[in-house]
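In: return atomic coordinates for the entry below.
(chains A and B)
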Amino acid sequence: ETGVTQTPRHLVMGMTNKKSLKCEQHLGHNAMYWYKQSAKKPLELMFVYSLEERVENNSVPSRFSPECPNSSHLFLHLHTLQPEDSALYLCASSQDRWQGGSYEQYFGPGTRLTVT
Amino acid sequence: QQPVQSPQAVILREGEDAVINCSSSKALYSVHWYRQKHGEAPIFLMILLKGGEQKGHDKISASFNEKKQQSSLYLTASQLSYSGTYFCGTDQTGANNLFFGTGTRLTVIP
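Out: Residues are numbered from 1 along each chain as shown, chains lettered A, B, ... in the order given. You can find the predicted model right below:
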């Protein structure tokens, strides 16, 4: 596997379910990101991890819970979601952070989530 | 805090040129450009940094006017493979946290 991978690619869940999204990067990067991409809205940054430490939480509801057990893996745990949470969830990684925002981000293919 | 992109959509014939603009209301450390094809991950194109440094593809050019807080992406002699949605991402703090625009859908036809 190369680059950034995400599983599952598609997920349908009820509002009372608990599920997790998984992201893995094979690039040796130190920073990882979760984004939400809804139809006709900009990509929204949700969480940022740097060296396994959460450094940003962009006012995301507590029904989304991230976890970064090591610098290669990132999870997004989901529980009691709402239909408006249906979206494409993208994971990304970058070599590092800061340095004037000079690190490009590498994205995974995303998980298409549908909440029923 | 999201930047504004224009145009929202553009259709080109192969070989034609296009310019996509990205405008921010905040001062910026850098501007990132990505392209996303339907059902695929966004792909990195370019970074433009304060002070004039650039990183990215040789065949794509872009500009960054720090004072006006604007960036433009120039696509010349377009090819069918250029089709997709182009996003700019702006970094207001230098921390690599990006605010993305709503995207410009580019369609290149034969």
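
In: CA atoms for contacts and neighbours, from now on please.
Out: Noted.

In: now do the contacts for the nearest residue to residue B:79 once chain neighbours are set aside.
Out: Spatially, and ignoring its direct neighbours in sequence, residue B:79 is nearest to residue B:14 (5.3 Å; C-alpha to C-alpha, 6 or more residues apart in numbering or on different chains). When contacts are counted by C-alpha atoms under 8 Å, 6 or more residues apart in numbering or on different chains, residue B:14 touches B:77, B:78, B:79, B:80, B:108, B:109, B:110.

In: for chain B, what are the low-confidence residue spans?
Out: B:58 (pLDDT under 70).

In: got the contact list for the closest residue to residue A:23 other than its chain neighbours?
Out: In this structure, residue A:23 finds its nearest non-sequential neighbour in residue A:6, 4.5 Å apart by C-alpha to C-alpha, 6+ apart. The contact partners of residue A:6, by C-alpha under 8 Å, 6+ apart, come to A:21, A:22, A:23, A:24, A:91, A:108, A:109, A:110, A:111.

In: dump those residues into a markdown table; add secondary structure as well.
Out: Output for those, formatted as a markdown table (DSSP: H, G, I helix; E, B strand; the rest coil):
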| residue | secondary structure |
| --- | --- |
| A:21 | strand |
| A:22 | strand |
| A:23 | strand |
| A:24 | strand |
| A:91 | strand |
| A:108 | coil |
| A:109 | coil |
| A:110 | coil |
| A:111 | strand |
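
In: from the residues you listed, which is closest to chain B?
Out: Nearest to chain B among these: residue A:109, at 4.3 Å, using C-alpha to the nearest C-alpha.

In: just give the nearest non-adjacent residue to the closest one, would you?
Out: residue B:41 (4.3 Å).

In: tell me the bridge partners for residue A:36.
Out: As for beta bridges, residue A:36 partners with residue A:44, residue A:89 under DSSP bridges.

In: who in chain A is up against chain B?
Out: Along chain A, the residues adjacent to chain B under the rule C-alpha under 8 Å from any C-alpha of the partner chain are A:40-45, A:48, A:90, A:97-110.

In: rewinding a little: helix or strand: which one has the residue nearest to residue A:109?
Out: Assigned by DSSP states H and E, residue B:41 belongs to no helix or strand.

In: show me which of the residues of chain A next to chain B are buried.
Out: Buried by 16 or more other C-alpha atoms under 10 Å in any protein chain shown: A:42-45, A:48, A:90, A:97, A:100-110, out of the residues of chain A next to chain B.

In: wait, residue B:37 sits on residue B:85?
Out: Yes. Between residue B:37 and residue B:85 there is a contact at 6.3 Å, judged by C-alpha atoms under 8 Å.

In: of those two, which one has the most company?
Out: Using other C-alpha atoms under 10 Å in any protein chain shown, the more surrounded residue of residue B:37 and residue B:85 is residue B:85, with 19 against 16.

In: quick one: neighbours of residue B:61, just the number.
Out: Neighbour count for residue B:61, taken as other C-alpha under 10 Å: 16.
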